[in-house]
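[1] dropping a prediction and its sequence here:
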Amino acid sequence: MNAGGETDAYVLEAHGVGKSFTTFERQPGFLGVLKNFVARKSVVVDALSGIDLTVRRGETVGLIGANGAGKTTLVKILTGIVPATTGAARLFGRDSFHLRNQEKARLALVMGQKSQLWWDLPPIDSFKLLKEIYSIETVDFDRRVAEYTKMLDVEDRLKIQLRQLSLGQRMKMEIIGAFLHDPDVVFLDEPTIGLDLVSREVIRQFLVRLAEERGVTFMLTSHDLEDIEETCKRIVVLDGGRMAFDGDLAALSAQVMGKRAIEVHVDPHTPIDESALSRDIAAFGAVVAGRSVAAVTVVVDAARLPELVPALFQLLQVRDLSVERQPLELLVREIYRRSDREGSSIAGSRPEGASV
Amino acid sequence: MGQQRPSSLPERLQWGLRVMRAYARIGWVRKSQFRWEFFNQVLMDSLFYVSSIATFTMLYALGDDSASGAVSLAGWSFADMKVFLGMTFVADALMMTFLGQQWHFGGDLKNGALDSFRVRPGPTAFLYFYQRFSPEGLTNLLIASGWLVYALSGVVGHQVSGWHVAWALPCAIGLIAFAQVFVSLFYCLVELWLMNSDLGQLSSQLFTTMGERPIDVYPSPMARFLLYVVPVAAVSWFPSSLVLGKLSGGFALAYPLVLVVFALIVVRIFRIGLRRYDSAMG
Amino acid sequence: MTRAEAKVSSWESDARTDLALLVKTVGYEFRKRIQFRTGFFVREVLNGMVQPLVMLFVFAAIYRSASASGDAADATLGSWQYSEIVRYVAGLLIVMKLVFNARGLDLSAEIFEGRITKYLTMPFRYFVLIQGRFVQFTIMQVVVATLVWCLAYALMGDRWLVPVSWLATGQALTLVLLGSYCCFLLTVILNTLAFWLDVVWSLLVMAWFVISFVGGAIMPVSQMPVWASSAFSWLFPYWMISAPIEILMGRLGTDAFLRGLAIVTVQLVLLDALRRFTWRRGLAHYVGAGM
């Protein structure tokens, strides 16, 4: 998107960003606690190290990683909540920790595990407060509230206390609150955590629509890969505070799209010679990815599928057979494994302007 | 973007007032749902007023049987003390009305509750501290003001003229509000720099309690400390002395400048201290 | 086994479980309290010292003004000489450490947020967990108060409050600890009101105001007007704060101790009955998540 005259500018940059904090080692047991009281040992924990990342206006970036990978820490540094220990983080071209009000007015943050609206009040009251804080014109405010509540299907929940709403409705209200001032960049930290499938889907559609219609740049962290797949074009994988992958989700998906997982249901009473099976299917470039009493899972390139399936009928006593796309999760798990093995980040096919 | 950010000083002041009004509105809506809490908190502060008045009434009454026949508290007669207590109550009520969030600052630091205020377009301290507007505090402000007016009626015409009170009282109240804001911020500074220590709460308890008595009862170095280093004297001693005409003109004019310097230092250190905020990560 | 024997056996088993749980809870509470060193020093050592020390300056000013010579030591106010007031304040610094305060208990939050649900399904009495906090508090504060007393005595000698006898020390400690348990029960009762009310902290603060004033934490009760001192002497706060200090100073004797013991015991029993009643009735109201 070209709005705002920032076509070629990075709205978000991280150069060698690292974050460490000091904590104290806690020894277990009563004597341990007494020992800590007299002489405690401090430990420096590196939550993030050497993160390089640039994001252009309008990009949608999915940030994934296991618990403790550093996703939330990175979001907090990029939004200026906490300073980086090393390196530089910039938002709208300015040091994130020293953002001015005009930059903050273009930013929004949604935290799935921390409500930013008032717990005891109906959402509309919290929205009115945000209206004053962000100096939103009344006409725009009314229009956006009406539009967003309709999109997220919570029009009739505006005047009910936040604490009386369901988790899904609360999160929708949080998201509306974040978008009321029409931000250019939105950070969403696990916005779908704990939500049912319908709520997740509605939220994803909302994000996709705003990204497309208004060119909002957003960075979404989630444990749910479906969230990322459906809403983001780019994926960044963090592992142990380091960047394990940064690339185009389409390229990553292409790898997935090119693979098929065949689940072959077999007679449990007929023994299978697994080594012979592995040898025979290797001729088709396939591997055995899983084995249970009554099923064998084989992964193969989609192109070799027509050759392999008839062969499987000859090699095994097939009772039933299903073919599925290889789940993205398996690939991400592979990225983690490779990252651990190689100890460095793995560059994917990056979108234009992205850097690792 | 459909919004005009305030840029000039008058616009920023207007923006601040609009946000405070929105916070006040939220405070009223919230309290309308918790009427029991409202009633209890009004009662709680009233009890504080009653116990303070009762304590000093009893202490001064002891003087009736003493060798001197009447006692004063380091130059403060009972009539003066009533005015002093009135100023203390007004200061307390102002604190409860606008700055009640200060009591939660330590916990909020540990829980990372400052996050959403850090990303909002406005000073973090302003948005954070004013969020808890308290209607019960405002009710108590009315009660406290009532006592202050009663106490002043005992001195006007005897010790000070009505004209003197007419100009000194608004100045005194303004000064109390100004001093409360920055002294409260000072307590939070301690919490920010020494997390998990409860030293912020202790310093708040210590200096607030000390400030609730005229500083003349303390040894001179301690009184100077309470005037110039942690200026809790500005919260009740200075305003009462000003209204009662106990101060020299030069000191009365110069002391507010000390407060301004204190405020600038505190704000600066608070901003630097925000680097220590780790948003519940450590 | 007869029914009576079975009942006794069940009671013994429950008592053993309670005791084991109490010991474990006390250990756990200790660990929680000493997690942060500065926090421990502030909360457990310095806590309760501010108000008495500030009042000492106020008393000094009042006594100076009441004295014909301008020397506080020459004045007597309400049968109290200035040197006695100094020792009374010293006593306050020690006694107020031993008095249980509401800060040590967040039962109302546990009720309001539904956190007690998990305990209700476990095979023990929840009250034992709460008692553990009281026992931990008392043990720790007795140690801290003893250390503070020793340090102050080493620095100030006889100007500090020195008990008139070991008997007086025992009597005073008995009254303070029984009174502290009354305070604890009152705190539990007010906390259990969270079964019905949204907010109870203001009730706790009010109760603390009243206890401090009626108990003599601001000025000795016997220095107050006669009507106030005779009325307050029927309430446990007086026997928890002001009276024990006067016993330590030798201003009150064994007669007073026995009277105080009777009053505090009766009020303790009444408070415990009220605590059981509100807990039972509250549980009937409990909806699990509170809100």
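    Good, I have the coordinates. All values reported here derive from a predicted model rather than from experimental measurement. Residues are numbered from 1 along each chain as shown, chains lettered A, B, ... in the order given.
[2] from now on I want contacts and neighbour counts done on CA atoms only, so please keep to that.
    Will do.
[3] quick one: is stretch B:191-206 near chain A?
    No: Stretch B:191-206 lies out of reach of chain A by C-alpha under 8 Å from any C-alpha of the partner chain, never closer than 12.2 Å.
[4] what is the helix ranked longest in chain B packed up against?
    The longest helix of chain B (DSSP state H) is helix B:162-193. If contacts are counted by 3 or more C-alpha pairs under 8 Å, 6 or more residues apart in numbering or on different chains; DSSP states H and E, helix B:162-193 sits against helix B:78-98, helix B:105-111, helix B:199-211, helix B:237-243, helix B:249-273.
[5] repeat that for 10 Å
    helix B:78-98, helix B:105-111, helix B:124-129, helix B:135-153, helix B:199-211, helix B:237-243, helix B:249-273 (3 or more C-alpha pairs under 10 Å, 6 or more residues apart in numbering or on different chains; DSSP states H and E).
[6] domains of chain A: list them as residue ranges, please.
    Using automatic domain parsing, the domain parsing of chain A gives A:3-106+A:183-254+A:335-347, A:259-325.
[7] next, format these as a markdown table and append distance to B:Gly106.
    Below are these laid out as a markdown table (distance: least, C-alpha to C-alpha, whole Å):
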| stretch | distance to B:Gly106 |
| --- | --- |
| domain A:3-106+A:183-254+A:335-347 | 17 |
| domain A:259-325 | 51 |
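[8] of those, flag the one that's most buried.
    domain A:3-106+A:183-254+A:335-347 (a mean of 19; mean count of other C-alpha atoms under 10 Å in any protein chain shown).
[9] where does pLDDT dip in chain A?
    Low-confidence segments of chain A (pLDDT under 70): A:1-8, A:28-30, A:34, A:37-38, A:253-257, A:326-334, A:336-356.
[10] close to chain B: what parts of the stretch 51-200 of chain C are there?
    Residues of the stretch 51-200 of chain C that fall close to chain B, judged by C-alpha under 10 Å from any C-alpha of the partner chain: C:51, C:53-70, C:74-79, C:197-200.
[11] out of everything not next to it in sequence, what's closest to the residue in the stretch 101-250 of chain A that chain B sits nearest to?
    Using C-alpha to the nearest C-alpha, the single residue of the stretch 101-250 of chain A nearest to chain B is A:Asn101, 4.3 Å away. Nearest non-adjacent residue to A:Asn101, counting by C-alpha to C-alpha, 6 or more residues apart in numbering or on different chains: B:Pro121, 4.3 Å away.
[12] hang on, the earlier thing: and the angle for the longest helix of chain B with helix B:135-153?
    For helix B:162-193 against helix B:135-153, the angle by axes from the mean of the first three to the mean of the last three C-alpha atoms, to 10 degrees is 140 degrees.
[13] compute the inter-axis angle for helix B:162-193 and helix B:78-98.
    For helix B:162-193 against helix B:78-98, the angle between stretch directions is 50 degrees (the same axes, to 10 degrees).
[14] and helix B:162-193, which residues are buried?
    If you call a residue buried by 16 or more other C-alpha atoms under 10 Å in any protein chain shown, then helix B:162-193 has these buried ones: B:165, B:168-169, B:172-173, B:175-193.
[15] next SSE after the helix or strand encompassing C:Val214?
    Element membership of C:Val214, judged by DSSP states H and E, is helix C:201-215. Sequence order places helix C:226-232 as the next helix or strand after helix C:201-215, per DSSP H and E.
[16] enumerate the positions of that next one that are buried.
    With burial defined by 16+ other C-alpha under 10 Å, the residues of helix C:226-232 counted as buried are C:229, C:232.
[17] CA atoms only for the helix or strand just after that helix, dumped as CSV, please.
    Of the helices and strands lying after helix C:226-232 in sequence (DSSP H and E), the nearest is helix C:236-240. The C-alpha coordinates for helix C:236-240 follow below in CSV (Å, rounded to 0.1, in the frame of the first residue of the first chain):
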residue,chain,number,x,y,z
PHE,C,236,-9.9,-6.8,73.4
PRO,C,237,-7.8,-4.2,71.5
TYR,C,238,-7.1,-2.4,74.8
TRP,C,239,-5.9,-5.7,76.3
MET,C,240,-3.8,-6.4,73.2
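[18] which parts of chain C are helices?
    Assigned by DSSP H, the helices in chain C fall at C:3-33, C:37-40, C:50-66, C:82-98, C:107-112, C:117-120, C:126-156, C:166-192, C:201-215, C:226-232, C:236-240, C:242-249, C:254-285.
[19] tell me which of those helices is the most buried.
    With neighbours defined as mean count of other C-alpha under 10 Å, these peak in mean count at helix C:236-240, which reaches a mean of 29.
[20] other SSEs contacting that one?
    helix C:82-98, helix C:166-192, helix C:201-215, helix C:226-232, helix C:242-249, helix C:254-285.
[21] roughly how far is the shortest one from the heart of the chain?
    Pointing back at helix C:226-232 there. Centroid displacement of helix C:226-232 relative to its chain, using C-alpha atoms, centre = their mean, to the nearest Å, is 21 Å.
[22] which strands and helices lie in contact with that helix?
    Using 3+ C-alpha pairs under 10 Å, 6+ apart, helix C:226-232 is in contact with helix C:201-215, helix C:236-240.
[23] one step back: separation between the residue nearest to A:Asn101 and C:Leu268?
    Distance, B:Pro121 to C:Leu268, by C-alpha to C-alpha, to the nearest Å: 55 Å.
[24] where in the stretch 101-250 of chain B is pLDDT low?
    Applying pLDDT under 70 to the stretch 101-250 of chain B flags residues B:195-197.
[25] how about the one residue in the stretch 151-291 of chain C that gets nearest to chain B: what's its closest non-neighbour residue?
    Across the stretch 151-291 of chain C, no residue is closer to chain B than C:Met206, which sits at 5.5 Å (C-alpha to the nearest C-alpha). What sits nearest to C:Met206 in space, not counting adjacent residues and going by C-alpha to C-alpha, 6+ apart, is B:Met44, at 5.5 Å.
[26] can you pull the pLDDT of the one you found?
    We have a pLDDT of 91 for B:Met44.
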